[in-house]
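K.L.:
Model the structure of this input:
(3 chains)
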Amino acid sequence: MPELPEVETTRRGLQQLTLNRTILHIDIHQASLRWPIPDTIGDIKNQTISEIRRRGKYLLLQLNNDQHLIMHLGMSGSITVLNAYEPLKKHDHFVAHLDNNTSMRFNDPRRFGCILLTRKNPEQHALLASLGPEPLSDDFTGQWLKKTANQRTVAVKNFIMNARVVVGVGNIYASEALFKAGIHPKRAASRISLQRYHVLANTIKDVLAEAIKAGGTTLQDFSNSEGKAGYFQQQLAVYGRDGQACNNCQHTIKKIIIGNRSSFFCPQCQH
DNA sequence: ATCATCCCCTGATGGC
DNA sequence: TGCCATCAGGGGATGA
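P.N.:
You can find the predicted model right below:
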């Protein structure tokens, strides 16, 4: 589910609703996520949330004692902050009660997400240490893509979904960015010119930035921290539009499977 | 190193 | 109605 725009939308909401709040106590309803919620999680009690950052699809909540809560939304996760009296929903696995009568609820039907706690710099954590550049930063360029693609034979769609190459690009935005760049999703990463990688880096930035503006894409599960859906799905050019007409050329959008994931593209516009 | 495949899990949907 | 197969915003582990 959540790709960079959805995680960034969540980060902004949490910043509004939980920054400088103190965690009074926590409830764990289901510790069995992608990895178990660690036993040390009780350490966050009486800590204040002092900073909220994002790295790729990971949310990093810094606490007063310099520990960090690392949260990932997996395929179906969302985090809401509601008044304490609002009833829990199915799959609200973890709840942090804050000092203003609200509570932060981690909901994840498929439980591919995670909640971890670390004492070290979270960037050094094993899950984050080898991540590639942030797509919206100046470190992410066509030059970087070309250099990283080198001799690699992998399909470009899988290439840009690889978090070591660039973080935050998931199945929806990979298809969207490749469509806007006019690149066929199956093209080998090494068989794309520097010039075209410049274009692709820019379309990735554009698509992600526009999706953040729209509050993310909601297909089924995603909601922002107030429980509201995003609306970028209204602007999707190819994702989920197989059988429909391409906005550019009226040809029929096709769906193919690449690396076990559905991919959508226009056979006329993308080469 | 790189790549393809499998797997974790629940829920929605469609065919019979 | 039920039952079964398929698919879904991710990504780690494995083995070739």
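K.L.:
okay, CA-based contacts and neighbour counts for the rest of this
P.N.:
Will do.
K.L.:
Next to DNA strand B, which bits of the stretch 1-150 of chain A? Give me the list.
P.N.:
By CA under 7 Å from any atom of the strand, the residues of the stretch 1-150 of chain A that approach DNA strand B are A:Arg34, A:Lys90, A:Pro109, A:Arg110, A:Arg111, A:Phe112.
K.L.:
Ranking by neighbours, what's the top pick from those?
P.N.:
A:Arg111 (20 neighbours; other CA atoms under 10 Å).
K.L.:
quick one, what contacts the nearest residue to that one once chain neighbours are set aside?
P.N.:
Using CA to CA, 6 or more residues apart in numbering and skipping residues adjacent in sequence, the residue nearest A:Arg111 is A:Leu33, 4.8 Å away. Shown in contact with A:Leu33 (CA atoms under 8 Å, 6 or more residues apart in numbering): A:Arg111, A:Phe112, A:Gly113, A:Cys114, A:Ile115.
K.L.:
7 Å - rerun?
P.N.:
Contacts here follow CA atoms under 7 Å, 6 or more residues apart in numbering; on that basis A:Leu33 touches A:Arg111, A:Phe112, A:Gly113, A:Cys114.
K.L.:
And for A:Val154?
P.N.:
Here A:Val154 is in contact with A:Ala188, A:Ala189 (CA under 7 Å, 6+ apart).
K.L.:
and what of A:Glu134?
P.N.:
Contacts of A:Glu134 (CA under 7 Å, 6+ apart): A:Gly56, A:Phe140, A:Val166, A:Val167.
K.L.:
How about the second one, nearest residue that isn't a chain neighbour?
P.N.:
What sits nearest to A:Phe140 in space, not counting adjacent residues and going by CA to CA, 6+ apart, is A:Pro133, at 5.8 Å.
K.L.:
Hmm, that neighbour is touching A:Val167, no?
P.N.:
Yes - counting by CA atoms under 7 Å, A:Pro133 touches A:Val167, with 6.3 Å between them.
K.L.:
quick one, which of those two is more surrounded?
P.N.:
A count of neighbours by other CA under 10 Å puts A:Val167 above the other of A:Pro133 and A:Val167, at 23 against 20.
K.L.:
Distance check, that one against A:Gly132.
P.N.:
6 Å (CA to CA, to the nearest Å).
K.L.:
ranges for the strands of chain A?
P.N.:
A:23-28, A:49-55, A:58-63, A:68-72, A:78-83, A:92-98, A:102-107, A:114-118, A:254-258, A:261-265 (DSSP state E).
K.L.:
Reformat the residues of the stretch 1-150 of chain A next to DNA strand B as TSV; add pLDDT.
P.N.:
Formatted as TSV, those follow (pLDDT from 0 to 100):
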residue	pLDDT
A:Arg34	96
A:Lys90	95
A:Pro109	95
A:Arg110	96
A:Arg111	97
A:Phe112	96
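K.L.:
can you tell me which of those residues are up against DNA strand C?
P.N.:
Answer for those near DNA strand C (CA under 7 Å from any atom of the strand): A:Arg34, A:Phe112.
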